[in-house]
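Chemist: model this:
(one chain, ligands or ions: 1)
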Amino acid sequence: MHFDAIGRVPGDPILSLMEAYAQDPNPRKFDLGVGVYKDAQGLTPIPHSVKLAEARLMEQQTTKIYIGGHGEPAFGKVINELVLGADSPLIRDKRAGASQTPGGTGALRLSADFIAQCLPGRGVWLSDPTWPIHESIFAKAGVKVSHYPYVGRDNRLDIEGMLTALAAAPKGDVVLLHACCHNPTGFDPSHDDWRRILDVVRKRELLPLIDFAYQGFGDGLEQDAWSTRLFAAELPEVLITSSCSKNFGLYRDRTGALIVCAKTADKLIDIRSQLANIARNLWSTPPDHGAAVVATILGDPELKNLWVDEVETMRLRIAQLRSGLVEALEPHGLRERFAHIGVQRGMFSYTGLSPEQVKQLRDQHSVYMVGTGRANVAGIDATRLDLLAEAIADVCK
Ligand SMILES: Cc1ncc(COP(=O)(O)O)c(C=O)c1O
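Modeler: As a prediction, this is how the structure comes out:
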């Protein structure tokens, strides 16, 4: 029959980790695996600002007719401003345009197809390690994937290795950079490092593709945009993928954007015509609901203030869990060894634990994290930091 020769591919390892966690009867278990924000109750709630915007939309929306290929202009405007800054000269000069996409993943896929079709022969450089979907999205679009060192065996940011690799990249290649809160490591370049990266990108005439999936989860909504805005201000052409999944809690509503910064307003129109054409063959027109929620929130000063506070609450919880865990490890003589957890940013941490230690944590202490030693810090229960520290100390003996 037609399907006889089709085999099975392995599922996402994080999903099987989630299943194992769900089936573990130990009431003292920890879920540090799946990459979603969790509050003190271990829940991923809908922000109040989102609920209020949804109520408003329910009342006011009169049609479900298709939106345009680039999505709702009101969303494009607010997401441009959120990412580039409301007073960005790029926006003023009409050199930056946002295309609404199904999540950050959709924005990445649109970028990958754009590179494959409109910039043929260009390869993409990814950090080693990076979010695994980066690897497959570009490969599936037919873009050659190469890697630059990022975090090595010593579990430190290898900025020199990164710069050396990029300095040898073929001119014109694309370099994917994580704007902040690097997934999976949590290590971000310093401002000085970013300036050095910018120098190499400029010298090698690389095209930066900045993946901005965690705005507001690192040092703050504006602070986290620093590197993206630096590149957008200093270079004539930049691609930015923005996700509203985490900071708006809109995960399943698939909300994101591909922002293109072009040399001139006229060139931007050319590029956007290509993007609309590519998107037409991927998802036709983007989903509306999440983007309408974001446009409602950011377009209303009161809702926006509420949302800004809610993002700050999430950010502070993560920051406190990071410093809390380092402190809880102190009595075990492990403060120094795990000090990097306090330095890293965003939800994820490359803990430096080996795959064997990760397995031991899971089997003996019901602490679930990804085999590479990546922990989602937001999954920690703050009232049980000591218990987690004890478990880590036990596998580090
Ligand atoms: C680095 C990175 N980029 C992009 C995304 C895309 O997120 P989404 O498609 O859910 O908006 C994620 C989500 O985990 C991510 O970690």
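Chemist: Could you report the distance from I278 to R337?
Modeler: For I278, the distance to R337 equals 47 Å [C-beta to C-beta, to the nearest Å]. Yep, even glycine has a C-beta here, placed from its N, CA and C like the rest.
Chemist: Same check on D87?
Modeler: 44 Å.
Chemist: likewise R345?
Modeler: Remark: distance between R345 and R337 (C-beta to C-beta) = 19 Å.
Chemist: how about low-confidence regions in the stretch 251-397 of the chain?
Modeler: Within the stretch 251-397 of the chain, no stretch has pLDDT under 70.
Chemist: measure stretch 53-66 end to end?
Modeler: By C-alpha to C-alpha, to the nearest Å, the extent of stretch 53-66 from end to end equals 20 Å.
Chemist: repeat for stretch 4-15
Modeler: 26 Å.
Chemist: and what of stretch 328-341?
Modeler: End-to-end for stretch 328-341, by C-alpha to C-alpha: 12 Å.
Chemist: chain center to that stretch, what's the gap?
Modeler: 27 Å (C-alpha atoms, centre = their mean, to the nearest Å).
Chemist: Give me the contacts around it.
Modeler: For stretch 328-341, contacts defined as C-beta atoms under 8 Å, 6 or more residues apart in numbering pick out 155-156, 186-187, 322, 325-327, 349-352, 377, 385-386, 388-390, 392-393, 396.
Chemist: R345 and R337 - which one has more neighbours?
Modeler: More crowded of R345 and R337, by other C-beta atoms under 10 Å: R345, with 23 against 15.
Chemist: Run through the residues that contact the more buried one.
Modeler: Residues in contact with R345, defined by C-beta under 8 Å, 6+ apart, are 180-182, 186, 188, 217-219.
Chemist: Helices of the stretch 51-200 of the chain, start to end?
Modeler: 73-84, 89-92, 103-118, 132-140, 159-167, 191-203 (DSSP state H, counting those that start in this stretch).
Chemist: near the ligand, which residues of the stretch 151-300 of the chain show up?
Modeler: 178, 183, 211, 213, 243, 245, 251, 256 (C-beta under 6 Å from any ligand atom).
Chemist: would you turn the contacts of R345 into a markdown table with pLDDT and distance to R95?
Modeler: Converted to a markdown table, the contacts of R345 look like this (pLDDT from 0 to 100; distance: C-beta to C-beta, whole Å):
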| residue | pLDDT | distance to R95 |
| --- | --- | --- |
| C180 | 98 | 23 |
| C181 | 98 | 27 |
| H182 | 98 | 28 |
| G186 | 98 | 33 |
| D188 | 98 | 27 |
| F217 | 98 | 28 |
| G218 | 98 | 26 |
| D219 | 98 | 27 |
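Chemist: could I get the residues you listed as JSON lines with distance to L32?
Modeler: Formatted as JSON lines, the contacts of R345 follow (distance: C-beta to C-beta, whole Å):
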{"residue": "C180", "distance to L32": "20"}
{"residue": "C181", "distance to L32": "16"}
{"residue": "H182", "distance to L32": "17"}
{"residue": "G186", "distance to L32": "12"}
{"residue": "D188", "distance to L32": "20"}
{"residue": "F217", "distance to L32": "16"}
{"residue": "G218", "distance to L32": "19"}
{"residue": "D219", "distance to L32": "22"}
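Chemist: Filter the residues you listed down to the buried ones and hand me the ChimeraX line.
Modeler: Command for ChimeraX that selects the buried part of the contacts of R345, burial taken from 16 or more other C-beta atoms under 10 Å:
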select :180,181,182,186,188,217,218,219
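Chemist: Narrow the contacts of R345 to those in strands?
Modeler: Under the assignment DSSP state E, those contribute nothing to strands.
Chemist: From the contacts of R345, pick the one nearest I197.
Modeler: Nearest to I197 among these, counting by C-beta to C-beta, is D188 at 11.3 Å.
Chemist: okay but that closest one is in contact with F217, surely?
Modeler: No - D188 is beyond contact range of F217, at 11.0 Å (criterion: C-beta atoms under 8 Å).
Chemist: list residues touching both of those two?
Modeler: Joint contacts of D188 and F217 (C-beta under 8 Å, 6+ apart) are 180-181, 345-346.
Chemist: Neighbours of the closest residue to the ligand within the stretch 251-397 of the chain, how many?
Modeler: Nearest residue of the stretch 251-397 of the chain to the ligand, counting by C-beta to the nearest ligand atom: G256, 4.8 Å away. Neighbourhood size, G256 [other C-beta under 10 Å]: 30.
Chemist: gap between it and H340?
Modeler: Applying C-beta to C-beta, the value for G256 to H340 is 29 Å.
Chemist: Show me how the protein divides into domains.
Modeler: Taking automatic domain parsing as the reference, the chain has its domains at 13-46+304-395, 66-299.
Chemist: okay, those domains, which one's buried deepest?
Modeler: domain 66-299 (a mean of 20; mean count of other C-beta atoms under 10 Å).
Chemist: so which strand or helix has A292?
Modeler: Per DSSP states H and E: A292 is located in helix 289-298.
Chemist: Not counting that helix itself, show me its contacts.
Modeler: By C-beta under 8 Å, 6+ apart, the residues outside helix 289-298 that reach it are 49-50, 53-54, 56-57, 61, 71-72, 74-75, 77-79, 81-82, 100, 244, 248, 250, 253-255, 303-304, 306-307.
Chemist: Then stretch 133-141?
Modeler: Contact with stretch 133-141 is made by 105, 108-109, 112-113, 115-116, 124, 126, 145, 176, 211, as judged by C-beta under 8 Å, 6+ apart.
Chemist: Adding pLDDT as columns, could you present these in CSV?
Modeler: Below are the contacts of stretch 133-141 laid out as CSV (pLDDT from 0 to 100):
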residue, pLDDT
T105, 98
L108, 98
R109, 98
A112, 98
D113, 98
I115, 98
A116, 98
V124, 98
L126, 98
V145, 98
L176, 98
D211, 98
